[in-house]
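K.L.:
Predicted model follows, preceded by the sequence.
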Amino acid sequence: MGDGDGDGDTPPDPDYWITRNTYPTGNFDPMWAADAAVEERAMTAAIPAGVKTYNKALVPNSPLTLQPGQFVPLGPMPENNTQNSYGSVSGRANVIVVDPVDPTIAYMGSDGGGIWKTTTCCSQTAPPNNPTSWQVVTDVPEVTGLSISDITLDPHDHNTIYAGTGDLNFGSFSFGAVGVLKSSNQGLTWRVLGTDKFSPYYAGSGGGFPQYQAIGKVIVDPNNSNNVIVGTKTSVYFSYDAGENWAGPCFTNPYATGSTPQRQDVTGLQAVSNGDGTTKLYVAIGTRGSATPVQSNLGQNGSNGVYRLSAIPAGGCPATGDWTLLNNNWPAGTGNGTPQLNFGRIELAISPDQPSTMYAMLQSLQTSPSTKYQVL
């Protein structure tokens, strides 16, 4: 047996990470965690008085007065880690979303720390008069995974929150998904949806190392709150009943199968209203493109590119032929099923003032500075 740390220097047993917590049977069903949460809720329990919160104003030498010419840390503060003398550390702050109705409310998703909420967001008043303070809202039995990759608010109901779990990155220690988190009351209570679809473990990518599913993106159809779409390590999934049931994986391209299947990591996801009650969807497939001992198929990035669906269907997966690869002036061969230039992650953003304008940020691209790549 190898050293088990997944760094590639000595290969561990193929199922090391999934079996180490299931000894001696080696069996695990994600639904067990969901069932256990139901039973836990039926038990009588109590906690000491107090609120789990973090107030930056209580920390010396950490003023929160906003400065127009620089970034000001607003918290929450990293926890003190006593292992290996790391000091104050925390998982990445992957996403922050501000309530469009009440800008004093914001939600932050971290990699390993769950979802934090503030109701005193971003005041320009110096502490202690009106500081920005945070409270963790996902320390509940229903939420069995605390890696949050994305958060979105229902555009028709700002009280409804969806969050994707897992860590869509390509390192050895990426957290696995446990489902889609949903709250209908601004984070007071949560449900975990799609546990049957978004289990944390799936087959290895060669070399015997296991892989972990992750939900990197989650969006709600601006024309229909029942339509929720997530992007994962294994392509796109659609729900037409507000997250209760899911169709997928739905592939944007024909290169997910064959003798050398190409990876389908969704690193960008945007929905735009067509103005007639229908919604077009943009999906970026953005695999890193360089194989590692731990993930030997990272070089299979022949699906990399931005794909457009003209209208979200009424149910099921769109046909592969319904997707259009947007390759205007992009490097030759983009999305042709064979390894491409090392684009890496592709993030997408839509202009709030001009919805016909989209921006794409590429992790890595070797080209002339004068070269321009059009996405739309």
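P.N.:
That came in fine, so what should we check first?
K.L.:
Can you pull the phi and psi angles for Thr320?
P.N.:
phi -60, psi -40 (degrees, to the nearest 10).
K.L.:
which ones are touching it?
P.N.:
Phe251, Thr252, Asn253, Pro254 (Cβ atoms under 8 Å, 6 or more residues apart in numbering). In short, each C-beta sits where N, CA and C put it, glycine included.
K.L.:
Same question for Phe170.
P.N.:
Thr287, Arg288, Thr292, Gln295, Leu298.
K.L.:
Ok, Gly315 next?
P.N.:
Tyr240, Ala247.
K.L.:
again with Ile96
P.N.:
Here Ile96 is in contact with Ala106, Tyr107, Met108, Gly109, Ile151 (Cβ under 8 Å, 6+ apart).
K.L.:
Dump those to a markdown table, plus distance to Phe209 and pLDDT.
P.N.:
Formatted as a markdown table, the contacts of Ile96 follow (distance: Cβ to Cβ, whole Å; pLDDT from 0 to 100):
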| residue | distance to Phe209 | pLDDT |
| --- | --- | --- |
| Ala106 | 37 | 94 |
| Tyr107 | 33 | 96 |
| Met108 | 31 | 94 |
| Gly109 | 27 | 93 |
| Ile151 | 29 | 97 |
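K.L.:
Just the closest of these to Tyr201, please.
P.N.:
Taking Cβ to Cβ as the measure, Tyr201 lies nearest Gly109 of those, at 21.8 Å.
K.L.:
Pull the number of nearby residues for that closest one.
P.N.:
26 (other Cβ atoms under 10 Å).
K.L.:
In which helix or strand does the closest residue to it other than its chain neighbours reside?
P.N.:
In this structure, Gly109 finds its nearest non-sequential neighbour in Ile148, 3.1 Å apart by Cβ to Cβ, 6 or more residues apart in numbering. Assigned by DSSP states H and E, Ile148 falls within strand 148-154.
K.L.:
who does that strand pair up with?
P.N.:
strand 157-165 (antiparallel) (DSSP bridges).
K.L.:
Report the buried residues of the strand it pairs with.
P.N.:
Across strand 157-165, burial judged by 16 or more other Cβ atoms under 10 Å covers Thr160, Ile161, Tyr162, Ala163, Gly164, Thr165.
K.L.:
dump the residue contacts of Ala106.
P.N.:
Ile96, Val97, Val98, Asp99, Lys117, Thr118, Cys121, Cys122.
K.L.:
Out of these, the closest to Glu39 would be?
P.N.:
Lys117 (26.8 Å).
K.L.:
show me the contacts for the closest one.
P.N.:
Ile105, Ala106, Tyr107, Met108, Trp134, Gln135, Val136, Val137, Gln186, Gly187.
K.L.:
mind checking the SS state of it?
P.N.:
Secondary structure for Lys117, judged by DSSP: H, G, I helix; E, B strand; the rest coil, is strand.
K.L.:
gap between it and Ser133?
P.N.:
10 Å (Cβ to Cβ, to the nearest Å).
K.L.:
same check, this time on Gly91
P.N.:
From Gly91 across to Ser133, the span is 19 Å (Cβ to Cβ).
K.L.:
Repeat that for Ile148.
P.N.:
For Ile148, the distance to Ser133 - Cβ to Cβ - is 19 Å.
K.L.:
Between the two, tell me which one has more neighbours.
P.N.:
Ile148 (31 against 23).
K.L.:
which residues of the chain fall in helices?
P.N.:
Listed in chain order, the helices of the chain (DSSP state H) span 16-19, 30-41.
K.L.:
Buried deepest among those helices, which one?
P.N.:
For these, the largest average neighbour count (mean count of other Cβ atoms under 10 Å) is found in helix 16-19, namely a mean of 18.
K.L.:
averaged over its residues, what pLDDT does it have?
P.N.:
For helix 16-19, mean pLDDT rounds to 57.
K.L.:
Repeat that for stretch 27-41.
P.N.:
78.
K.L.:
Just the buried residues of stretch 307-314, please?
P.N.:
Of the residues in stretch 307-314, those buried (16+ other Cβ under 10 Å) are Tyr307, Arg308, Leu309, Ile312, Pro313.
K.L.:
Spatially nearest residue to the second one (excluding sequence neighbours)?
P.N.:
Sequence neighbours aside, Thr324 is the residue nearest to Arg308 in space, at 4.7 Å (criterion: Cβ to Cβ, 6+ apart).
K.L.:
What residues does the one you found make contact with?
P.N.:
Thr324 neighbours (Cβ under 8 Å, 6+ apart): Tyr307, Arg308, Leu309, Ser310.
K.L.:
cool, Leu153 as well?
P.N.:
Per Cβ under 8 Å, 6+ apart, neighbours of Leu153: Val97, Asp99, Pro100, Thr160, Ile161, Tyr162, Val220.
K.L.:
Out of the residues you listed, flag the one nearest to Asn227.
P.N.:
Val220 (7.0 Å).
K.L.:
what's the spacing between the residue nearest to the closest one when sequence neighbours are not counted and Ser183?
P.N.:
Computed as Cβ to Cβ, 6+ apart, the closest residue to Val220 that is not its neighbour in sequence is Asp154, at 5.0 Å. Distance, Asp154 to Ser183, using Cβ to Cβ: 10 Å.
K.L.:
Common neighbours of the two, please.
P.N.:
Joint contacts of Asp154 and Ser183 (Cβ under 8 Å, 6+ apart) are Thr160, Ile161.
K.L.:
ok, now how distant is Lys325 from Val283?
P.N.:
Small correction: residue 325 is Leu, not Lys. 10 Å.
K.L.:
Could you identify which of the contacts of Lys117 has the most neighbours?
P.N.:
Using other Cβ under 10 Å as the neighbour test, these are led by Tyr107, with 25 neighbours.
K.L.:
That one contacts Trp116, correct?
P.N.:
Yes. Between Tyr107 and Trp116 a contact is recorded at 7.2 Å, counting by Cβ atoms under 8 Å.
K.L.:
thinking again about what came up before, need the per-residue pLDDT for the residue nearest to Val220.
P.N.:
97.
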